[in-house]
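Q: sequence plus predicted model, see below.
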Amino acid sequence: MYQPQQNLNEAGGVRPAEPRVLVVTAVEAEREAVLAGLNGDERFDVVAAGVGVAAAAAGTARALAGGGYARVVSAGIAGGFAGAAEIGSLVVASRIVAADLGSDSPDGFISVDELGFGSSVIPAEDEVSAALACALRGAGLDARLGPVLTVATTTGTLAGAQALAARVPGAAAEGMEGFGVAEAARQFGLPALELRAISNAVGPRDRESWKIGEALGALRMASSILPEVLFA
Ligand SMILES: O=C(O)c1cccc(C(=O)CC[C@H]2O[C@@H](n3cnc4c(=O)[nH]cnc43)[C@H](O)[C@@H]2O)c1
């Protein structure tokens, strides 16, 4: 994984002194889509930290340890919940929810919050996330604010999708990294937002229906809007 050195860019040149934005994706294809959208904007560092919340948190913390950042963005593809986010659309997180962080029981899921062991929700609806959703729509993109769930296992059944939608009212999208990125940012005292491009429907596993290329295209388009919003 590329480890940005705060004072030098990838070509070895001196970086701009202004606070920077760290964008964290899971895989290289997502990182390349974001970089294409940013079109060489050196105020951003983009790292592919790996799939899943542990890799996301560790990779984010590793990058932030170098200092110099003002904000963190978790970006990538995601599943969309029926009626909330269609394939090819974009979701900006109003809340970043660790939706399976807790305990199972005969009476159903018990969240870590209910267990008294911490919080599974990181609020993300601030003026910046709202401005991003607005700017995306202003650019003609299908974008909305909504809760983005982080799970350890991609949902693969209708019952699973229904259980998550009942657990998190208004759930818009499901990914596997956002809570890890946002928690690492929180521990560094930095704001975080999550931007997801929808590649598939959350529900019965149907690999053939995934539209990863379309979602990566939407992610690239959305990334081109980030500078005007994050450095307004
Ligand atoms: O089940 C499969 O065959 C399959 C094929 C390709 C990719 C997957 C993933 O689980 C990708 C996980 C990866 O992409 C994000 N993502 C995209 N859609 C979803 C989703 O519906 N639920 C959770 N995560 C999703 C995620 O952030 C990972 O980085 C499976």
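A: Yes, it's here.
Q: make it CA atoms for all contacts and neighbour counts henceforth
A: Fine.
Q: just how off-centre is stretch 124-135 within its chain?
A: Chain-centre distance of stretch 124-135: 14 Å, with C-alpha atoms, centre = their mean, to the nearest Å.
Q: again, but for stretch 102-109
A: Centre-to-centre, stretch 102-109 and its host chain are 26 Å apart (C-alpha atoms, centre = their mean).
Q: cool, stretch 134-152 as well?
A: Distance of stretch 134-152 from the chain centroid (C-alpha atoms, centre = their mean) equals 10 Å.
Q: can you list contacts of that stretch?
A: Residues outside stretch 134-152 that contact it (C-alpha atoms under 8 Å, 6 or more residues apart in numbering): 52-53, 88-100, 129-130, 133, 168, 170-179, 194, 222, 225, 229.
Q: the lengthiest strand in the chain vs the ligand: in contact?
A: The residue-count maximum for a strand in the chain (DSSP state E) belongs to strand 69-80. Yes: using C-alpha under 6 Å from any ligand atom, we find that strand 69-80 touches the ligand at I77, A78, G79.
Q: from the contacts of stretch 134-152, which are also near the ligand?
A: Among the contacts of stretch 134-152, the ligand is touched by E174, G175, M176, E177 when using C-alpha under 6 Å from any ligand atom.
Q: mind listing what's buried in the helix or strand following the longest strand of the chain?
A: Once strand 69-80 ends, the next helix or strand along the chain (criterion: DSSP states H and E) is strand 90-98. Residues L90, V91, V92, A93, S94, R95, I96, V97, A98 are the ones in strand 90-98 that count as buried (16 or more other C-alpha atoms under 10 Å).
Q: so the first one makes contact with I198?
A: Yes: shown here, L90 and I198 form a contact pair, counting by C-alpha atoms under 8 Å, at 6.1 Å.
Q: much appreciated, bye for now.
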